[in-house]
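Q: Pasting the sequence and the predicted model now:
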Amino acid sequence: MRDPNNPCLFCNIKKSGLAKENNLAYASYDTFPVSDMHCLIIPKRHVKDYFDLTNEEIIACNSLIKDIKQEIESKDITVKGFNIGTNAGKIAGQSILHCHIHLIPRREGDVENPQGGVRSVIPLKQHYKRKA
């Protein structure tokens with residue numbers, strides 16, 4: 001099995017598959033999507049994780065997140081929500097050590113109970129009851 005970190009898969013836009021780009025970042029559809037049209041937003045500069053991004057890179061990534069969101073919604077009217085997230089460090093599940101932000105379209109009924117959303121990274125913490 002090929003190591004996606006040697007050489008870095010995300011440093012090669014052509015291999016990653018370009019969907020859209022700006023000066024500092026690009027978007028690529030995930031090759032192992034959580035849902036249809038799951039997209040990755042990737043800074044062009046090789047940085048380990050979100051916390052290493054410059055303010056300008058954060059703005060560039062955020063701009064692409066919003067553009068791709070609109071594009072997905074225009075292509076698929078069944079999309080009713082999104083999860084946005086990033087893994088920072090191997091302990092957090094990061095497998096490609098080049099910052100990337102997941103934009104995951106959500107559709108009604110795609111899971112039995114969506115409560116907790118990104119909290120499901122720790123399954124026992126996903127579902128909770130609010131105190132009255």
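A: Happy to help now that I have it.

Q: which residue is nearest the middle of this structure?
A: The centroid of the chain falls nearest to His102 when counting by Cα atoms, centre = their mean (0.5 Å).

Q: A helix includes that one, no?
A: No. Counting by DSSP: H, G, I helix; E, B strand; the rest coil, His102 is not found in a helix; it is strand.

Q: Now do stretch 92-105: distance from first to last residue.
A: Using Cα to Cα, to the nearest Å, the end-to-end distance of stretch 92-105 comes to 21 Å.

Q: can you check stretch 84-98 too?
A: Length of stretch 84-98, first residue to last, Cα to Cα: 17 Å.

Q: Show me what the lengthiest helix in the chain is in contact with.
A: Counting residues, the longest helix in the chain under DSSP state H turns out to be helix 55-75. Applying Cβ atoms under 8 Å, 6 or more residues apart in numbering, the external contacts of helix 55-75 come out as 19-27, 37, 39, 41, 43, 45, 47, 50, 53, 79, 82, 84, 101, 103, 105. For the C-beta atoms, the positions are set from N, CA and C on the backbone; glycine is no exception.
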